[in-house]
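J.: Kindly return the folded structure for what I paste below:
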Amino acid sequence: MVFLTCFISLIVGGLIGIKFKEKNTVIGDIEIAGEEIQDFLKDYNYLIENYYGDIDKKELLNTAFKSMVDSLGDSYSGALDESTSNNFDIELKGDYEGLGIEIINDSEKNILIYGIIPNSPASKADIKIGDKLLMVNGTDLSGMSTTDFIKNVVKGSGATEFVIALERDGIKKEITLKKEAITLESVSSTTYYENGKRIAYIKVSIFAENTYSQFKNTLSKLESEGFESLIIDLRDNSGGHLSTVKNMISLFLDSSHVIYQTEDKKGKEKVYSSGKITKNYPIVIVGNSMSASASEVMIGALTEEYGAILIGNQSFGKGTVQELHSLTNGDEYKFTTKKWLTPKGNWVHNNGIKPNVEVTLSKDYYENPIQENDNQLRTAINYLAGVQYK
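T.: Numbering: from 1, shown residues only. Next up, the predicted model:
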């Protein structure tokens with residue numbers, strides 16, 4: 001099970017034929033409303049028998065399922081397009097085979113480079129953010145959407161080498177890129193020295209499959225070097241795998257601690273840490289309004305069970321869990337299956353978690369995003385160093 005601003009967990013979808021009786025039937029813990037199903041089957045069969053043309057039955061049922069999901073009225077339940085699904089899969093897995101470029105359509109439907117993954121084929125080539133892609137392996141990209149580009153040109157062609165024609169500042173050029181295995185780094189770190197104290201800093205951008213190992217190795221390295229306190233930066237972290245954040249929290253808390261709870265139609269369940277020891281150094285978490293889902297799980301656990309301090313802005317407020325259901329035609333839908341609660345049973349949905357120290361990022365940082373202008377981070381550093389920040 002995973003958690004993003006839309007969390008994902010893959011379920012193999014399929015249609016199971018069941019002969020329904022007029023009365024309600026119970027299969028396991030699920031009660032099938034016989035009357036409603038019979039009405040649906042009557043309407044379905046009537047349509048199949050009386051429509052004048054050919055009908056794709058699988059597509060008809062897939063569309064019916066889509067309508068059921070849409071009727072839930074839940075903003076976190078709905079269809080995933082291929083581009084969104086592909087991006088989720090890549091970010092949450094933490095590694096993939098590709099070129100290392102992130103693309104976007106401009107207002108004229110040109111495909112532009114808006115991001116380059118570090119240590120990727122694109123990062124080693126003469127390609128820059130803002131470059132316009134003109135042609136790939138002889139395919140003209142004029143007016144093509146990014147979704148069609150990924151589906152038909154990159155994935156659909158099956159190619160591993162790409163000859164790319166691009167334009168930069170009115171000058172056209174051609175480069176060749178080969179797919180390579182790319183590992184996405186979701187953890188970065190440094191150490192700050194303030195007021196005679198060593199303060200470790202770890203930034204987590206997403207909770208992908210490989211984030212736990214990156215975080216564990218980084219934390220072990222910093223601990224071996226020695227520090228008095230730790231900052232965990234979860235700003236703009238929209239979530240990820242629930243198992244990943246559970247393992248990360250367990251690095252700080254022993255097994256006597258509840259780290260979150262879940263609630264569904266069957267009731268509540270407490271989830272305990274799998275850790276062996278509870279750390280004893282001060283922790284400050286830096287968060288903002290885009291710290292969501294799995295980020296809020298970590299914030300809730302470390303503030304309520306560890307005594308960590310939250311500095312920054314109120315978190316996003318995403319307190320539900322979604323699963324991904326794949327239809328027989330390959331379409332994917334996510335829908336909410338349960339709530340999650342903090343260790344003390346607080347539901348953060350639509351409310352978020354309020355910081356202990358409210359700090360809004362300064363205008364100076366938006367105009368010049370350098371560390372010196374990051375007043376949220378500076379507040380965290382000075383808080384741990386015992387320095388009054390102004």
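J.: Report all helices and strands that the helix or strand where Gln376 lies contacts.
T.: Gln376 belongs to helix 375-385 when assigned by DSSP states H and E. Using 3 or more Cβ pairs under 8 Å, 6 or more residues apart in numbering; DSSP states H and E as the contact criterion, the neighbours of helix 375-385 among helices and strands are strand 187-194, strand 197-204, strand 229-233, strand 283-287, strand 309-312. Backbone N, C-alpha and C define where each C-beta goes, glycine included.
J.: and if we set it to 6 Å?
T.: Using 3 or more Cβ pairs under 6 Å, 6 or more residues apart in numbering; DSSP states H and E as the contact criterion, the secondary-structure elements in contact with helix 375-385 are strand 187-194, strand 197-204, strand 283-287, strand 309-312.
J.: In JSON lines: those, plus mean neighbour count.
T.: Rendered in JSON lines, the data for the helices and strands packed on helix 375-385 read as follows (neighbours: other Cβ atoms under 10 Å):
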{"stretch": "strand 187-194", "mean neighbour count": "16"}
{"stretch": "strand 197-204", "mean neighbour count": "20"}
{"stretch": "strand 283-287", "mean neighbour count": "25"}
{"stretch": "strand 309-312", "mean neighbour count": "23"}
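J.: So for Asp374, which of these sits nearest?
T.: Of all the helices and strands packed on helix 375-385, strand 283-287 sits nearest to Asp374, with 9.2 Å by Cβ to Cβ.
J.: Can you check what angle separates that closest one from strand 197-204?
T.: Taking axes from the mean of the first three to the mean of the last three Cα atoms, to 10 degrees, strand 283-287 and strand 197-204 form an angle of 40 degrees between their directions.
J.: gap between strand 283-287 and the chain center?
T.: Relative to the chain's own centre, strand 283-287 is displaced by 20 Å; criterion: Cα atoms, centre = their mean, to the nearest Å.
J.: ok, it: who's next to it in the sheet?
T.: Within its sheet, and counting by DSSP bridges, strand 283-287 is paired with strand 229-233 (parallel), strand 309-312 (parallel).
J.: Put together TSV for those strands, with distance to Lys151 and mean pLDDT on each row.
T.: As requested, these are arranged in TSV below (distance: least, Cβ to Cβ, whole Å; pLDDT from 0 to 100):
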stretch	distance to Lys151	mean pLDDT
strand 229-233	35	98
strand 309-312	38	98
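J.: can I get those in a markdown table with distance to Ile55?
T.: Rendered in a markdown table, the data for the strands paired with strand 283-287 read as follows (distance: least, Cβ to Cβ, whole Å):
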| stretch | distance to Ile55 |
| --- | --- |
| strand 229-233 | 54 |
| strand 309-312 | 54 |
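J.: Tell me which of those lies nearest to Asp74.
T.: Closest of the strands paired with strand 283-287 to Asp74 is strand 309-312, at 27.6 Å (criterion: Cβ to Cβ).
J.: And the strands in the stretch 201-350 of the chain?
T.: For the stretch 201-350 of the chain, the strands identified by DSSP state E, counting those that start in this stretch occupy 229-233, 240-241, 258-264, 267-272, 283-287, 309-312, 320-326, 332-341, in order along the chain.
J.: can you tell which of those strands is closest to Glu209?
T.: Between Glu209 and these, the tightest spacing by Cβ to Cβ is seen for strand 240-241, at 6.2 Å.
J.: quick one: average pLDDT of the closest one?
T.: Average pLDDT, strand 240-241: 87.
J.: same thing with stretch 315-328?
T.: Looking at stretch 315-328 alone, the average pLDDT works out to 84.
J.: Looking only at it, what residues are buried by neighbour count?
T.: 315-327 (16 or more other Cβ atoms under 10 Å).
J.: same deal with stretch 134-146?
T.: For stretch 134-146, the neighbour count (16+ other Cβ under 10 Å) marks 134-136, 141, 144, 146 as buried.
J.: Other residues contacting it?
T.: By Cβ atoms under 6 Å, 6 or more residues apart in numbering, the surrounding residues in contact with stretch 134-146 are 103, 105, 109, 111, 133, 153, 162-165, 167.
J.: What's the end-to-end length of it?
T.: The separation between the terminal residues of stretch 134-146, taken as Cα to Cα, to the nearest Å, is 13 Å.
J.: now that stretch: how far from the chain's centre is it?
T.: Distance of stretch 134-146 from its chain centroid, counting by Cα atoms, centre = their mean, is 29 Å.
J.: again with stretch 119-137
T.: A distance of 25 Å separates the centroid of the chain from that of stretch 119-137, by Cα atoms, centre = their mean.
J.: related to what we said a few turns ago, could you dump the contacts of stretch 134-146 into CSV with secondary structure, distance to Pro369 and pLDDT added?
T.: Supplementary listing: the contacts of stretch 134-146 in CSV, determined by DSSP: H, G, I helix; E, B strand; the rest coil; distance: Cβ to Cβ, whole Å; pLDDT from 0 to 100:
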residue, secondary structure, distance to Pro369, pLDDT
Ile103, strand, 23, 88
Asn105, strand, 25, 90
Lys109, coil, 30, 90
Ile111, strand, 26, 94
Leu133, strand, 27, 95
Val153, helix, 33, 82
Phe162, strand, 32, 93
Val163, strand, 35, 94
Ile164, strand, 30, 94
Ala165, strand, 33, 95
Glu167, strand, 28, 95
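J.: Narrow those residues to those that are buried.
T.: Among those, the ones that count as buried (16+ other Cβ under 10 Å) are 103, 105, 111, 133, 153, 162, 164-165.
J.: Thanks again, I'm all set now.
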